[in-house]
Each structure stands twice: as C-alpha cells, then as structure tokens.
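Visitor: this is the structure alone, sequence omitted:
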C-alpha cells in the first residue's frame with residue numbers, strides 16, 4: 001500500500017511539473033507573439049484604403065472648393081514621398097457655405113487677410129496625406145494654402161519603417177527645402193500635425209523659428225508613456241511588464257529606441273505659439289500626454305482645448321466651432 005501511494009505521489013509530482021513547464025512555455029510563446037505584434041504596430045504602417053467619402057473627396061476636391069496639385073519629393077536615402085498642394089477656389093459654393101458656418105461660430109474672416117499663409121500638414125501613424133483634406137477644406141475656405149505629404153511607409157510612399165521622428169524629421173526638412181526652392185511656400189509658414197505627425201512637427205520646429213503658429217491634434221510627450229498606457233489596457237495591464245522587451249525588439253527591427261522619442265524635450269525650444277486639441281475619449285494617447293507637452297512650450301501664448309472627441313476626431317467632433325477656434329489661432333496677429 002505504501003509503495004502504491006508513493007508511486008501515485010511521484011506520478012502526481014511529475015504531472016504537476018510537466019503542466020507547470022508547459023504553462024511556462026505557453027506563456028513565453030504568447031509573450032513573444034505579443035512583443036512581436038506590438039513592435040510591428042510601432043514600425044510597420046498599415047496601408048488602409050480610403051473610405052468611400054475620403055476617396056470621393058480625393059478624386060474630386062474641387063467639389064469642396066480646393067484645387068489640388070500633386071508633386072513628389074525624393075529623400076536622401078531614395079524614399080519617394082508624394083505630396084499634395086491644396087489651394088482655395090475662391091468663388092466655390094462649398095467655401096461660401098463653410099465661411100457662413102465659420103462666421104456663425106464667431107470667426108472674423110476679414111482678420112485672416114488676403115494671403116494668410118501656407119499650412120504644412122503632417123498626418124498620423126497608419127494615415128495618409130489624403131486624410132488631411134478634411135481639415136484642409138476648412139482652412140482653404142479661409143484662404144490658406146495647405147500642403148500635405150505621405151510619411152515614409154504610408155499612403156503612396158515607398159515601403160519603409162516608421163520611426164516617429166528619427167527619420168521623419170529629416171524628411172520634413174527635405175520637403176520644406178523643396179517647397180522653398182519651388183516657390184510653393186506662400187506667405188506665412190504655419191504647421192498642423194496629428195498624433196505621430198504632431199510629434200514629428202514638434203521635433204522639427206526648434207530649427208525653424210520662422211514658423212509663426214502651430215496646431216497639434218492628439219500629440220504625445222513621450223512615446224514610451226503612450227506604450228505603457230496602451231499596454232495597461234491589454235490582459236489586465238500585465239502587458240506593461242513587456243514594454244521594455246517591445247522597445248528592445250523595435251531597436252532590433254527598426255533601429256530606433258522608443259524611450260528616446262520624447263517630443264517634450266524639443267518642445268522647450270519651440271518659440272512659436274501652439275494650440276493643442278485633444279479628445280477626452282482618446283483611446284490611443286491619453287490627454288495627460290498633451291498636458292505635459294503644453295507645460296514644456298516656452299511661448300506664453302500656448303493653449304490646450306479638451307474636446308468630446310476620440311483620437312481620430314479631436315478637432316472635427318466640434319464642427320465649425322472648433323475649426324473657427326483653429327483658424328482664429330492661425331490668423332496673423334496685429
């Protein structure tokens with residue numbers, strides 16, 4: 001009887017050990033898959049097709065009062081970035097209706113002037129230049145020229161890793177110098193950026209004090225903070241423990257360290273006034289990130305507006321009222 005009991009105990013012990021080992025192996029496998037997936041999301045942009053409305057706007061921008069020209073800029077490493085130059089069609093019916101909405105929201109369009117300037121528009125991760133048309137139709141209604149380009153690896157640009165500024169800041173500089181050489185910068189230079197595009201803009205701005213005003217939507221102060229926020233929403237927050245390993249994988253596959261993507265450091269050297277729009281319901285970048293960024297800007301004219309939107313619509317969720325605030329901020333100051 002004792003021998004039988006001893007045999008059963010040994011069997012139970014071995015079975016438990018095997019099950020624990022299998023669990024550890026399974027956990028390790030799942031963790032590795034999660035780390036790889038997270039690293040891919042940070043480095044390999046997804047090329048979504050335009051939705052029906054966005055495609056219609058891209059195909060026929062004149063229906064919204066915009067004349068659009070396509071150009072292309074070649075980066076020093078050979079990556080080609082297509083861009084759009086968007087100009088207003090002054091007498092377009094769509095512009096007349098939009099200007100009426102802006103006036104009803106309290107905007108004095110006369111203060112914009114005849115040649116208010118050029119807005120450089122930087123899109124976010126997994127987005128593309130055509131998505132900037134939705135904001136450009138309001139800005140062109142007020143007389144602004146808008147210029148947007150596909151970030152590397154996005155839209156019609158050549159395949160490339162996204163690096164949240166490590167390479168994109170140099171791309172922005174190359175695009176900017178191309179626009180200057182080609183005489184495409186008209187009047188004052190202004191900047192508009194969303195999410196990743198906002199982060200790139202902030203990192204690019206310190207070397208360009210000539211930029212007169214900057215508008216940012218859903219910007220972040222530290223990429224690692226965004227990673228921890230998103231990890232806290234996965235598997236009961238246990239994914240936060242894997243963030244350092246995700247960063248290591250990103251360094252290995254894309255050659256940059258997410259811990260070093262800190263627009264807040266560059267913000268301290270930005271001299272232009274900045275306005276931030278951030279949605280309270282943002283599920284990607286928490287509003288605390290833009291609060292930290294706001295505190296770092298040197299210009300006392302910087303401000304932040306919390307809206308009822310999420311990550312993709314912190315500006316558009318308020319309709320004409322928010323666009324009136326944006327355009328009023330961009331207007332030339334006496």
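Guide: Yep, that arrived. In this text, all values refer to a predicted model and were calculated from it rather than measured experimentally. Numbering: from 1, shown residues only.

Visitor: tell me the domain ranges of the protein?
Guide: Domains of the chain are assigned by automatic domain parsing as 1-43+223-260, 49-222+262-330.

Visitor: rank those domains by mean pLDDT and give me the bottom one.
Guide: Set side by side, the domains of the chain give their lowest mean pLDDT on domain 1-43+223-260, at a mean of 69.

Visitor: circling back: mean neighbour count added to the domains of the chain, as TSV?
Guide: Quick note: C-beta positions are derived from backbone N, CA and C, even for glycine. Shown next, in TSV, are the domains of the chain (neighbours: other CB atoms under 10 Å):
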stretch	mean neighbour count
domain 1-43+223-260	14
domain 49-222+262-330	20
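
Visitor: what are the ranges of the helices in the stretch 201-334 of the chain?
Guide: If you assign secondary structure with DSSP state H, counting those that start in this stretch, the helices in the stretch 201-334 of the chain sit at 223-231, 243-254, 263-267, 287-296, 320-330.

Visitor: which one of the ones you listed lies closest to residue 191?
Guide: Set against residue 191 and scored by CB to CB, the helices of the stretch 201-334 of the chain come closest in helix 320-330, at 9.7 Å.

Visitor: contact partners of the closest one?
Guide: Counting contacts by CB atoms under 8 Å, 6 or more residues apart in numbering, the residues outside helix 320-330 that touch it are 98, 101-102, 104-108, 111-112, 116-117, 119, 135, 138-139, 142, 144, 190, 213, 215, 273, 275, 277, 305, 307, 315-316, 318.

Visitor: and if you look at stretch 158-176?
Guide: The contact list for stretch 158-176 (CB under 8 Å, 6+ apart) reads 42-45, 73, 75-76, 78-81, 83, 120, 122, 125, 149, 151-154, 196, 199-201, 203-204, 207-208, 223, 253-256, 258, 261, 263.

Visitor: first-to-last residue distance for it?
Guide: Using CA to CA, to the nearest Å, one end of stretch 158-176 lies 19 Å from the other.

Visitor: on the three-state scheme, residue 146 is what?
Guide: Per DSSP: H, G, I helix; E, B strand; the rest coil, the local secondary structure of residue 146 is strand.

Visitor: who's it bridged to?
Guide: Counting by DSSP bridges, residue 146 forms beta bridges with residue 86, residue 119.

Visitor: what's the answer for residue 68, then?
Guide: According to DSSP bridges, residue 86 are recorded as the beta-bridge partners of residue 68.

Visitor: my read: it touches residue 83, true?
Guide: No - between residue 68 and residue 83 no contact is recorded; they are 10.4 Å apart, counting by CB atoms under 8 Å.

Visitor: name the nearest residue to residue 189, sequence neighbours excluded.
Guide: Excluding the flanking residues, the one nearest residue 189 by CB to CB, 6 or more residues apart in numbering is residue 211, at 5.1 Å.

Visitor: dump the residue contacts of the one you found.
Guide: Residues touching residue 211, when contacts are defined by CB under 8 Å, 6+ apart, comprise 189-191, 205, 272.

Visitor: just the ones in strands from those residues, please.
Guide: 189-191 (DSSP state E).

Visitor: of the residues you listed, closest to residue 297?
Guide: Nearest to residue 297 among the ones in strands among the contacts of residue 211 is residue 191, at 13.2 Å by CB to CB.

Visitor: could you give the bridge partners of the nearest residue to the closest one once chain neighbours are set aside?
Guide: Closest residue to residue 191 in three dimensions, ignoring its sequence neighbours and counting by CB to CB, 6+ apart: residue 214, at 4.7 Å. Assessed by DSSP bridges, residue 214 has beta-bridge partners residue 191, residue 274.

Visitor: for residue 74, see how far away residue 214 is.
Guide: With distances taken as CB to CB, to the nearest Å, residue 214 is found 27 Å from residue 74.

Visitor: would residue 200 count as being in a helix?
Guide: Yes - with the criterion set as three-state DSSP, the secondary structure at residue 200 is a helix.

Visitor: returning to that earlier point: mind putting the contacts of residue 211 in CSV, distance to residue 130 included?
Guide: Output for these, formatted as CSV (distance: CB to CB, whole Å):
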residue, distance to residue 130
189, 22
190, 20
191, 19
205, 24
272, 27
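
Visitor: show me where the stretch 51-200 of the chain has helices.
Guide: Read by DSSP H, counting those that start in this stretch, the stretch 51-200 of the chain holds these helices, from start to end of the chain: 52-59, 93-104, 133-141, 168-181, 196-204.

Visitor: turn these into a markdown table, including distance to residue 242.
Guide: As requested, the helices of the stretch 51-200 of the chain are exported to a markdown table (distance: least, CB to CB, whole Å):
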| stretch | distance to residue 242 |
| --- | --- |
| helix 52-59 | 35 |
| helix 93-104 | 47 |
| helix 133-141 | 35 |
| helix 168-181 | 26 |
| helix 196-204 | 22 |
